[in-house]
Structure formats: C-alpha cells, structure tokens
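In: What follows is a predicted structure for the sequence shown.
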Amino acid sequence: MLDAKLETLLVVADCKSFTKAAKLLSLTQPAVSHHIDQLERECNATLFFRGKGEFKLTQEGEIAVTYARRLKALYQKMLSQIADEQRHVSRFRIGITHTSENNTITEALAKYVKENANTSITIITEPINILYDMLENYELDIAIVEGKRLSSKLNYFMLDTDYLVCVLSNDNLLSRQSMVTINELKTQNMILRLPTSATRQLFEASLLSINEPIENFNVSLEVDNVGTIKDLVRKNLGVSVLPKSACMSDVKKNNLTVLPIENLSMMREMNIAYNKDFAHPEALKDIVHFYQLLMRGN
C-alpha cells in the first residue's frame, strides 16, 4: 500500500488544513503533523507554508505532491492490472477533451468495447492540460488530444486531421454563403470556448497571424461545453468557431451550417497520446480502425 506519510501529504494538500485532514484520515491532528514532519525530514525540505492565515504548498511541496499522486496511481494501477489479469479482463481509462466528447471518437470507443469481449473503458473528460498531467501521472492509459505536447515520456498515434470552421444557425443570413469573411465575422455575436481550450487558442493564434486580435470581435459568451454552444448557435443566438468533426452529425441532420473562414487555415491533428510503457499498443490500432470505419459511414 502507499506509504502512510504520502497518503497524509495528499489529503493535507487537498484540505489545506491539518485538522480537516485528520478527520478524513481518522487520525489525531498530532499524528498528521508527525507524518508531515517525518516526510519533511526525509526530503530535507519544507513542504508547506504555515504562516498566519496562510497554508499552502511550497515549490518543494508541489513536487512532492506530484510524485505522491503518481505513486498512488501506479500502485492502484498495479492492483487493478493484477486483478484484471486473473480475470482475463482488459480495462482502459481514456481521457478526452470536451470537443472530442461530441464527435465520432466516443462512438468508436463504444464499438471497440462491443467487439472486444472482457474489455471495459472508462472515459474521463477534462481540459487538455489536465489530461496531459493525468497521463504522465499514470491516472490515464491514453488520451485523445489535439496536437502534441513535447515530452520525452509520451508517444503519439495520429487518429485524424481536423480543422476549425465557423458554425452558424441555418436561419443566419451568412449560412447561404460559401464562406465567411473576417469583416462579416466581426458583425456577429460570437459564442466561443474558454480561452484555455485548445480550440480557442488555435483560433486566436490564427487571427494573430493576419494581425486580427480577438479583441476586434464581439465575443458575447464563453462556454466550456461544446454541446451547449451548438444548441445556442442552433437557436441563432450567435455564431461559433469549432472543429468540423464536432459538428458533422448536426450538419447531416440539417441542424447547423458550417463554413470556412476566409484567409484562416486552422488545421490540426487529433492524436492518441500514451506513455511509452503502455502495455497494449494493439488496442490503439483497433480504435483507429473503428474510428475510420465510422468516418467512412460504415
């Protein structure tokens, strides 16, 4: 099991209080303090600021918590894989972004499970930076991400290429055109993803490449959920910029219109990211196979 001192560290870091951590761990407060003191002596570092009205991790504490979480995830993964091996079961924790949650990849994962007996998948939806952290801490087996993060610990398997488009209501007059110009886009109320999303960052970077900062546009609403954005656009409450893959089912049902934006080339890769010691590389090829079948309409 995980060292008791590391378990105490994680709970204290989450609670930001020795008293609250003691209650959760069913320990006395002196016992919690003793665990942290022991760990600080072993690390030869102060892990927490304990000033008046202030209780937070030091930089050394942040490092300790990162590795403690990784050790805990690895320990739990060890127990899970041993149990799965005994029962001849394969179990994967797969992270996807909010954008991927609304496209073909989730259906491909469902088909993979259906076609592979004794296999189960847990899908976790988080922003891309959190997915990378979870992947490197072994809290995920693989992650479906846009683009790539430079890392010596990760490998990538390309799933598809995608590009951003302007998404409009069928009732919007611009939907009758073959493309949308930058000046036309400036006349619209825009409903965009949050600034931390990969979609938003790619859009803003593409605008800056033609000397058009986002401040030149009327961003009336920022929403984290892609499904909510599409619902608002469908009701003609604004236009958005989203990956084409996240909108194709709505386009096929004639619920939305997607158009390219003049002078903006916003192509990106969709990749499967995984740690180099991932034990089931054959599963990646199968997932890509089911994804490609769905994209071809099979």
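Out: The structure has been received and is ready for your questions.

In: where are the low-confidence patches of this structure?
Out: Residues of the chain that meet the criterion pLDDT under 70 lie in 1, 52-53, 83-89, 101-102, 297-298.

In: And the strands in it?
Out: Ranges of strands in the chain, per DSSP state E, are 48-49, 56-57, 90-96, 119-125, 142-146, 154-168, 189-192, 218-222, 240-243, 257-259, 267-275.

In: Show me what the fifth one pairs with in its sheet, parallel or antiparallel.
Out: Strand 142-146 has these partner strands in its sheet, going by DSSP bridges: strand 90-96 (parallel), strand 267-275 (antiparallel).

In: Repeat that for the second one.
Out: Each strand that pairs with strand 56-57, with its direction, by DSSP bridges: strand 48-49 (antiparallel).

In: which residues touch the strand it pairs with?
Out: Strand 48-49 has contacts (CB atoms under 8 Å, 6 or more residues apart in numbering) with V12, I36, F55, K56, L57, T58, G61. The way it works is simple: take the backbone N, C-alpha and C, and place the C-beta from them, glycine included.

In: Of the residues you listed, just the buried ones, ChimeraX syntax please.
Out: In ChimeraX syntax, the buried subset of the contacts of strand 48-49 is picked out as below (16 or more other CB atoms under 10 Å):
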select :12,36,57,61
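
In: can you redo the contacts of strand 48-49 as TSV with distance to A45?
Out: Listed next are these as TSV, based on distance: CB to CB, whole Å:
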residue	distance to A45
V12	15
I36	11
F55	17
K56	15
L57	11
T58	7
G61	8
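
In: Now, the contacts of strand 48-49 that are in helices?
Out: V12, I36, G61 (DSSP state H).

In: Closest to N155 out of those?
Out: G61 (30.8 Å; CB to CB).

In: neighbours around the nearest residue to the closest one once chain neighbours are set aside, how many?
Out: Once flanking residues are discounted, G61 sits nearest to L47: 3.7 Å by CB to CB, 6 or more residues apart in numbering. Applying other CB atoms under 10 Å, we find 22 other residues in the vicinity of L47.

In: L47 against T58, yeah?
Out: Yes: between L47 and T58 there is a contact at 6.0 Å, judged by CB atoms under 8 Å.

In: most distant residue from the middle of this structure?
Out: Relative to the C-alpha centroid of the chain, counting by CA atoms, centre = their mean, P30 is the outermost residue, at 38.6 Å.

In: Do you have the helices of the stretch 101-250 of the chain handy? List them.
Out: 104-115, 128-136, 182-186, 198-208, 226-234, 248-252 (DSSP state H, counting those that start in this stretch).

In: just to revisit the earlier point, figure out which of the strands paired with strand 142-146 is closest to K20.
Out: So among the strands paired with strand 142-146, strand 90-96 is nearest, using CB to CB, at 28.2 Å.

In: Between strand 119-125 and the closest one, find me the angle.
Out: 20 degrees (axes from the mean of the first three to the mean of the last three CA atoms, to 10 degrees).

In: now the angle from strand 90-96 to helix 128-136?
Out: Here strand 90-96 runs at an angle of 150 degrees relative to helix 128-136 (the same axes, to 10 degrees).

In: Name the residues that touch stretch 30-39?
Out: By CB under 8 Å, 6+ apart, stretch 30-39 touches 4-6, 8-9, 12, 18, 21-22, 25, 47-48, 64.

In: okay, the strands paired with strand 142-146, which one's buried deepest?
Out: strand 90-96 (a mean of 21; mean count of other CB atoms under 10 Å).

In: roughly how far out does that strand sit from the chain middle?
Out: 13 Å (CA atoms, centre = their mean, to the nearest Å).

In: and what of stretch 113-124?
Out: The answer for stretch 113-124 is 20 Å, by CA atoms, centre = their mean.

In: For it, measure first residue to last.
Out: Using CA to CA, to the nearest Å, the end-to-end distance of stretch 113-124 comes to 16 Å.

In: Next: stretch 186-194.
Out: OK, stretch 186-194 end separation, CA to CA: 19 Å.

In: Neighbours of L293, how many?
Out: By other CB under 10 Å, 13 other residues sit near L293.

In: hmm, which two among the contacts of stretch 30-39 are most spread apart?
Out: Pairwise across the contacts of stretch 30-39, and taking CB to CB, the largest span is found between A22 and A64, at 19.2 Å.

In: more neighbours, these two?
Out: Legend: neighbour count by other CB under 10 Å for A22 and A64, higher for A64 (23 against 20).
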